[in-house]
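S.K.: build the 3D model from these lines:
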Amino acid sequence: MSPESRLPKWFEVPNNVPRSDITITMDSYSTLSGGRYIFKMKEKDSIFNEKKIIVDYRMTKELESKERPLGFHKGYPAYEAVTVNGVTDIIEYRKMEPVFYMTDNPAIWRELECSME
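M.R.: Predicted coordinates for the structure are as follows:
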């Protein structure tokens with residue numbers, strides 16, 4: 001996850017830990033039934049304080065932007081709504097790279113039919 005992005009809504013940030021000290025990774029695995037994401041949140045310089053969330057692909061909605069903003073390659077930006085324990089958030093992929101962002105763009109939330117809570 002980009003260090004400039006806000007954290008996913010499904011992770012609870014430990015008290016008094018600044019965003020700059022939190023790292024989120026996402027691993028993606030294909031399975032016979034679709035796939036699985038494994039999100040991990042880790043505090044900087046901490047080997048014991050890791051939280052993990054597993055999400056099946058069938059729980060996600062995808063969207064490719066209808067109008068490509070200037071400077072983006074074909075297929076990007078792309079968005080994916082992911083729901084964890086009843087909390088939905090939207091991942092934004094700006095290009096083909098191992099970096100993702102969380103989006104608060106109301107137009108994208110409306111297009112994916114998600115409510116911004």
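S.K.: separation between the most centrally placed residue in the chain and Val82?
M.R.: By CA atoms, centre = their mean, the chain has its centre lying nearest to Ile91, at 3.7 Å. From Ile91 across to Val82, the span is 6 Å (CB to CB, to the nearest Å). For every residue, glycine as well, the C-beta is placed using N, CA and C.
S.K.: what touches both of the two?
M.R.: Shared contacts of Ile91 and Val82 (CB atoms under 8 Å, 6 or more residues apart in numbering): Pro8.
S.K.: ramachandran angles for the nearest residue to Lys44 once chain neighbours are set aside?
M.R.: Distances taken as CB to CB, 6 or more residues apart in numbering place Asp21 nearest to Lys44, at 4.1 Å, with adjacent residues excluded. Main-chain torsions, Asp21, degrees, to the nearest 10: phi -100, psi 10.
S.K.: got a list of what Asp21 touches?
M.R.: By CB under 8 Å, 6+ apart, the contact set of Asp21 is Glu43, Lys44, Asp45.
S.K.: relative to Ile108, how far out is the closest residue to Leu112 other than its chain neighbours?
M.R.: Closest residue to Leu112 apart from its sequence neighbours, by CB to CB, 6+ apart: Ala81 at 4.7 Å. The gap separating Ala81 from Ile108 is 9 Å, by CB to CB.
S.K.: Ile108 - that's part of a helix, no?
M.R.: Yes - using DSSP: H, G, I helix; E, B strand; the rest coil, the assignment for Ile108 is a helix.
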